[in-house]
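1. Quick one: sequence plus predicted model below, questions after.
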Amino acid sequence: MRINEGGLSHFFIPWSQYYIIMANANSSVPQTELPDWWQREKQRRQLLFLVFLGAVLLLIGYFYWAASTAGVRVGVIDFDTTDYISFVRREKDGNTTLYVMRADGSGLRRMTDAEDKSGKETPVWTMDGSHLIYVSNRNDPRTWQVYIVGGGEPSQLTYGTGNKSAPVVSPDGKRVAFITQGAIKTMLPNGQDVYQLMPVPTAGEGAGEEGATRPNMDAATSIRGPFRTVSLSSDGSGCAGVKELSGEESSEGSEIALGNQAAFVIPPGGDRSLVLDTGREVGVAWEPNGKRLASAFAGLQERGASQKNLPASGIVLWNFENPQKPQPQPVFVAAEHTVEPRNVAWAPDGSKIAFEVWRVKGEEDRKLLGIVVMAVSKNFGIRIDNAQQADALGQSDRLMVKATPDARPQRPLWSPDGTRLLYEVTRKDGKHDIWIINADGTDPINLTNGEKDGTDNVQASWSPRRK
């Protein structure tokens, strides 16, 4: 057989052309009734690819969901906690229980089981009012850990060696701060993402469970001693705390000798801690919805000729609009052996502060006068220069709640709407009750009446939920 110049190609018809020819030749079979084999193969592969792509997207979504919901899960409180307070009750048998009640004294509810004989301290609310966070030795009597409780059994949030203490929830609700082994750490409310804030961690040295690092030594790192308290700024980006100092040291670039306590702060937007006021009974409190920090101190130690006019005790409002150059505003100043302020609490709108005032006549002679409420403005607040002015303050209307031998009020806390003040009263038997008073000083009410049943009621905290 002769093969034409065109070669074998003239004898073989491509399969696609053959199918078209046969389809045209047989008019009883519609051209669109069935796709040809390669069209079907193409559709099959496209389908497999879409299935594979969908599976990948589902897997990615699952991992994101798992990451966001990792950690502890616990049921929520199944009632509206608006206008509720929480507190610790020490029963007559010595056991401690977490309770909540309405701010008028009604609706008392037990939040931990009566069979739970573990210690419990410092309950604080999550910002949605659906849980309480506290410390307890529930699972190991040798170590105190952070727990969360809502509906049902409490769940443990922290682990590891070292007691945990002083939990606080950031005002934005995103982080929980606590103290462990003298350092301030934070975590998510589900116990994940633990990170050390102060002292600023260095590589491989207490940098948190994820090994985070920050450059340079700072004040809280270079000045030794354990932290005892912690406070977070309104946006959660600033942190302040009080340290017990371990020796005779001075703040860098200053003639002021540090006392046995000092306030430290990482300002909002800052990356290093600064040392602020120092002395005894140092305390810090962030302004709600603002960038000011109230720092109270007593018994400030002095040295150097240029420091002779410093107050012995006082309250300073530090403004951190510029985190590198905080601006101090003294609002309460007292000379030596007059009065001392303690436990500052801001009103929610930042217009007032409440704090304890103690009459001081000597190193071992201190007497609680009561709770002062003072307006905060650009004008100076209160100045006490001598003993006569100190005694006059104890009898003045500036004291919203006055101390008596049978009732000594301490630790004021404002209600979320700023209309009432919660405080703790030490009774003549040495135990405590929770009281409430209107912001204008009227209608004080004993909410717990522990003297009737011999209970000790302490560490009250307002639910942040509002109508």
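-> That came through, no problem. All values reported here derive from a predicted model rather than from experimental measurement.
2. what helix or strand is the nearest residue to Asp417 once chain neighbours are set aside on?
-> Sequence neighbours aside, Arg466 is the residue nearest to Asp417 in space, at 6.3 Å (criterion: Cβ to Cβ, 6 or more residues apart in numbering). Heads up, the C-betas are built off the backbone N, CA and C, glycines and all. With elements taken from DSSP states H and E, nothing contains Arg466; it lies in neither a helix nor a strand.
3. so what pLDDT did Arg466 get?
-> The model reports Arg466 with a pLDDT of 81.
4. Look at it and say how many residues are nearby.
-> By other Cβ atoms under 10 Å, the residues close to Arg466 number 11.
5. contacting residues around it?
-> By Cβ atoms under 8 Å, 6 or more residues apart in numbering, the contact list for Arg466 reads 82, 416-417.
6. Buried only: go through those residues for me.
-> Buried residues within the contacts of Arg466, defined by neighbour count using 16 or more other Cβ atoms under 10 Å: Pro416.
7. from the contacts of Arg466, which single one is nearest Leu53?
-> Comparing these against Leu53 with Cβ to Cβ places Thr82 closest, at 47.2 Å.
8. I figured Ala285 hits Ala294, correct?
-> Yes. Contact criterion Cβ atoms under 8 Å: Ala285 and Ala294 qualify, at 4.8 Å.
9. Could I get the contacts of Arg466 in TSV, plus columns for secondary structure, distance to Asn137 and pLDDT?
-> Below are these laid out as TSV (DSSP: H, G, I helix; E, B strand; the rest coil; distance: Cβ to Cβ, whole Å; pLDDT from 0 to 100):
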residue	secondary structure	distance to Asn137	pLDDT
Thr82	coil	31	96
Pro416	coil	31	96
Asp417	coil	35	95
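10. So which residues of the stretch 351-467 of the chain form strands?
-> Assigned by DSSP state E, counting those that start in this stretch, the strands in the stretch 351-467 of the chain fall at 352-362, 365-375, 382-384, 399-402, 407-414, 420-427, 432-438, 445-446, 456-462.
11. right, and those strands - which one's nearest Val316?
-> Nearest to Val316 among these is strand 352-362 (11.6 Å), distances taken as Cβ to Cβ.
12. what helices or strands is that closest one leaning on?
-> Counting contacts by 3 or more Cβ pairs under 8 Å, 6 or more residues apart in numbering; DSSP states H and E, strand 352-362 packs against strand 292-298, strand 313-319, strand 339-346, strand 365-375, helix 387-395, strand 407-414.
13. List the contacts of the fifth one.
-> This points to helix 387-395. 334, 337-339, 357, 359-361, 369-370, 372, 382, 384, 399, 402.
14. And the residues you listed, which is closest to Asp128?
-> When these are compared for distance to Asp128 (Cβ to Cβ), Val372 wins out at 32.5 Å.
15. I'd assumed Lys352 was in contact with that closest one.
-> No. The pair Val372 / Lys352 is not scored as a contact, 10.2 Å apart, by Cβ under 8 Å.
16. Give the residue spans of the stretch 1-150 of the chain that score low on pLDDT.
-> Residue ranges of the stretch 1-150 of the chain with pLDDT under 70: 1-35, 37-38, 59-72.
17. hey, where'd the helices end up in it?
-> For the stretch 1-150 of the chain, the helices defined by DSSP state H, counting those that start in this stretch occupy 15-25, 37-68.
18. just the strands in the stretch 51-200 of the chain please.
-> With DSSP E, counting those that start in this stretch as the criterion, the stretch 51-200 of the chain has strands spanning 84-90, 96-102, 109-110, 120-125, 132-136, 145-149, 155-156, 164-169, 176-180, 183-187, 195-198.
19. Any chance of a markdown table for these, columns mean neighbour count and distance to Glu281?
-> Shown next, in a markdown table, are these (neighbours: other Cβ atoms under 10 Å; distance: least, Cβ to Cβ, whole Å):
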| stretch | mean neighbour count | distance to Glu281 |
| --- | --- | --- |
| strand 84-90 | 21 | 22 |
| strand 96-102 | 20 | 26 |
| strand 109-110 | 13 | 34 |
| strand 120-125 | 21 | 19 |
| strand 132-136 | 24 | 23 |
| strand 145-149 | 23 | 26 |
| strand 155-156 | 16 | 33 |
| strand 164-169 | 21 | 16 |
| strand 176-180 | 23 | 18 |
| strand 183-187 | 23 | 20 |
| strand 195-198 | 22 | 20 |
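20. can you put those strands in TSV and add distance to Gln388?
-> As requested, those are arranged in TSV below (distance: least, Cβ to Cβ, whole Å):
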stretch	distance to Gln388
strand 84-90	39
strand 96-102	43
strand 109-110	49
strand 120-125	39
strand 132-136	44
strand 145-149	48
strand 155-156	55
strand 164-169	38
strand 176-180	41
strand 183-187	42
strand 195-198	41
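21. mind checking how far the spatially most central residue of the chain is from Arg175?
-> By Cα atoms, centre = their mean, the mean C-alpha position of the chain lies nearest to Val169, the distance being 2.5 Å. With distances taken as Cβ to Cβ, to the nearest Å, Val169 is found 8 Å from Arg175.
22. Which neighbours do these two have in common?
-> Going by Cβ under 8 Å, 6+ apart, residues that sit against Val169 and also against Arg175 are 189, 232.
23. just to revisit the earlier point, per-residue confidence at the residue nearest to the centre of the chain?
-> On the pLDDT scale, Val169 is placed at 96.
24. is it in a bridge, and if so with what?
-> Applying DSSP bridges to Val169 gives these bridge partners: Val176.
25. try Gly151
-> On the basis of DSSP bridges, Gly151 is bridged to Gly75.
26. what's around it, how many residues?
-> Quick note: Gly151 (other Cβ under 10 Å) scores 13 neighbours.
27. Am I right that it is in contact with Phe79?
-> No. Under the criterion of Cβ under 8 Å, Gly151 makes no contact with Phe79, lying 9.5 Å away.
28. any weak-confidence spans in the stretch 151-300 of the chain?
-> Ranges of the stretch 151-300 of the chain meeting pLDDT under 70: 202-217, 247-258, 300.
29. now with 80?
-> Low-confidence segments of the stretch 151-300 of the chain, defined by pLDDT under 80: 200-218, 246-259, 271, 300.
30. still on that earlier bit, more crowded one of Val372 and Lys352?
-> Val372 (22 against 18).
31. OK, contacts around that one?
-> So Val372 contacts 341, 354-357, 382, 393, 398-400 (Cβ under 8 Å, 6+ apart).
32. And it, how far from Val242?
-> 21 Å.
33. And for Ile77?
-> In this structure, Ile77 and Val242 are 31 Å apart, going by Cβ to Cβ.
34. Could you check which of these two is surrounded by more residues?
-> Val242 (25 against 22).
35. Quickly list what Val357 is bridged to.
-> Under the criterion used here (DSSP bridges), Val357 is bridged to Pro341, Gly370.
36. Counting neighbours, what do you get for it?
-> 27.
37. Return the residues in contact with it.
-> Val357 is in contact with 339-341, 368-372, 393-394, 399, counting by Cβ under 8 Å, 6+ apart.
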